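Chemist: Please find the sequence and the predicted model below.
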Amino acid sequence: MFPVPFPGHFNPMIQLAGIFHHRGFSVTILHTSHNFPDPSRHPHFTFRAISHKKEGEGEDPLSRSETSGLDLVSFIRVLKQKYAEPFRETLAAEVGGGETVCCLVSDAIWGRSTEDAAKEVGLRRVVLRTGGAASFRAFAAFPLLRDKGYFSMLGKIPLSINLNLMKFGMKRKNK
C-alpha cells in the first residue's frame, strides 16, 4: 500500500489495510519520509520507508524551507516528482524480495507513476480515492461549471461570474 502522507489520505488507507489484515493478508505500507507513520501504532503491518535521497544528499527535500511556503497543489507536485523514481525502485525490490505480492493499493493522488511502476513489475493496482463529500460535490459540479464557460481553454475566468458561485468562495477578479 502506498498512501499520500496526509492524515485524510493515510487514515483511510490504514483502515483498508486493517480489513486486508483481518482477511489473512500480510500488509506492507510503503511510505515517504514526510509525515511518516508511527509503526508502533500499527504493529500488524510492515512499514518500509522510501528513500528519496541520492547518495550523499543532505536533508529531506520536502522539509527544506523552500517547500514550506508552497500551496497544496505545488507541494503535491514536488512530492510526486521526488518520490516517483524511488517508489518504483522500492516496489521492484519489494516484489523481488521473495514474498508473494498480490497487488498494489495506491492513493489516487500519486497518479500515473504508481500505475507505471506496478505494470513494470507485473502487479495489479487498485486506486483508493479518499475524497469526502465536499470533494465529491466539487468534482460533480465541474462538468456543469465547464459547460457554462467558467473554465475557458485559456485559463481565464469570465468577469460575469454567477453570484451563486460567490457562496463557494469564488471572487471576481479585477482587470
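Modeler: Okay, I see it.
Chemist: what domains does the record give for this protein?
Modeler: Annotated domains of the chain cover 7-128, 133-166 [automatic domain parsing].
Chemist: Next, format those as JSON lines and append mean neighbour count.
Modeler: Just so you know, the C-beta spots here come from the backbone N, C-alpha and C atoms, and that holds for glycine as well. Formatted as JSON lines, the domains of the chain follow (neighbours: other CB atoms under 10 Å):
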{"stretch": "domain 7-128", "mean neighbour count": "14"}
{"stretch": "domain 133-166", "mean neighbour count": "11"}
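Chemist: Let me have these in TSV, extended by mean pLDDT and distance to Met1.
Modeler: Shown next, in TSV, are the domains of the chain (pLDDT from 0 to 100; distance: least, CB to CB, whole Å):
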stretch	mean pLDDT	distance to Met1
domain 7-128	85	5
domain 133-166	65	21
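Chemist: Counting by contacts, list what the helix ranked longest in the chain packs against.
Modeler: When the chain is scanned for its longest helix (criterion: DSSP state H), the result is helix 72-95. Secondary-structure packing of helix 72-95 (3 or more CB pairs under 8 Å, 6 or more residues apart in numbering; DSSP states H and E): strand 28-31, helix 112-120.
Chemist: Does anything pack onto the first one? Which helices or strands?
Modeler: The reference is to strand 28-31. helix 7-22, strand 46-49, helix 72-95.
Chemist: wait, which of the ones you listed is closest to Thr130?
Modeler: Among these, helix 7-22 comes nearest to Thr130, with 4.6 Å by CB to CB.
Chemist: related to what we said a few turns ago, output the helices and strands packed on helix 72-95 in TSV, with distance to Gly98 appended to each entry.
Modeler: Below are those laid out as TSV (distance: least, CB to CB, whole Å):
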stretch	distance to Gly98
strand 28-31	13
helix 112-120	18
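Chemist: which residues touch the longest helix of the chain?
Modeler: 2, 4-5, 28, 30, 32, 34, 48, 50-52, 61-62, 67, 70, 101, 104, 109-111, 113-114, 116-118, 120-123 (CB atoms under 8 Å, 6 or more residues apart in numbering).
Chemist: what sits against the residue nearest to Lys119 when sequence neighbours are not counted?
Modeler: Leaving aside its sequence neighbours, Lys119 sits nearest to Arg125 (CB to CB, 6 or more residues apart in numbering; 7.9 Å). Going by CB under 8 Å, 6+ apart, Arg125 touches 103-106, 114-115, 118-119.
Chemist: just how off-centre is stretch 11-19 within its chain?
Modeler: 15 Å (CA atoms, centre = their mean, to the nearest Å).
Chemist: Ok, stretch 17-30 next?
Modeler: Relative to the centre of its chain, stretch 17-30 is centred 19 Å away, using CA atoms, centre = their mean.
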